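*Asks:* Kindly return the folded structure for what I paste below:
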Amino acid sequence: MPLTQKFSYLFSISLGLSILVYLLRGFGIVTFLPGGILLGLIFLAISTFFIYSILITKR
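*Replies:* The predicted structure is shown next:
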């Protein structure tokens, strides 16, 4: 599996998870999770997007 494909999977999973956690916290279902976990997921999604876009342009 190429490195770009790994980063695209990691980006999509982290983005989907952060959206899911954000929505569940907004609806009041998952209120026990601290906000740091949500910020970490968002930071992971943004950083994997930047790494993925840099790897795509190096081709």
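*Asks:* all contacts plus neighbour counts: C-alpha atoms, from now on.
*Replies:* OK.
*Asks:* For the chain, give me the ranges with low pLDDT.
*Replies:* Under the criterion pLDDT under 70, the flagged ranges of the chain are 59.
*Asks:* So in it, which helix runs the longest?
*Replies:* With residue count as the measure and DSSP state H as the assignment, the chain has helix 3-27 as its longest helix.
*Asks:* Run the chain-centre distance for the helix or strand just after it.
*Replies:* If you walk from helix 3-27 toward the C-terminus, the next helix or strand you reach (DSSP states H and E) is helix 35-57. Centre-to-centre, helix 35-57 and its host chain are 6 Å apart (C-alpha atoms, centre = their mean, to the nearest Å).
*Asks:* Mind listing what's buried along helix 35-57?
*Replies:* For helix 35-57, burial by neighbour count (16 or more other C-alpha atoms under 10 Å) applies to 38, 41-42, 44-45, 48-49, 52.
*Asks:* Widest-spaced pair of these?
*Replies:* Leu38 and Tyr52 (21.0 Å; C-alpha to C-alpha).
*Asks:* Could you tell me how far Ile37 is located from Ser53?
*Replies:* For Ile37, the distance to Ser53 equals 24 Å [C-alpha to C-alpha, to the nearest Å].
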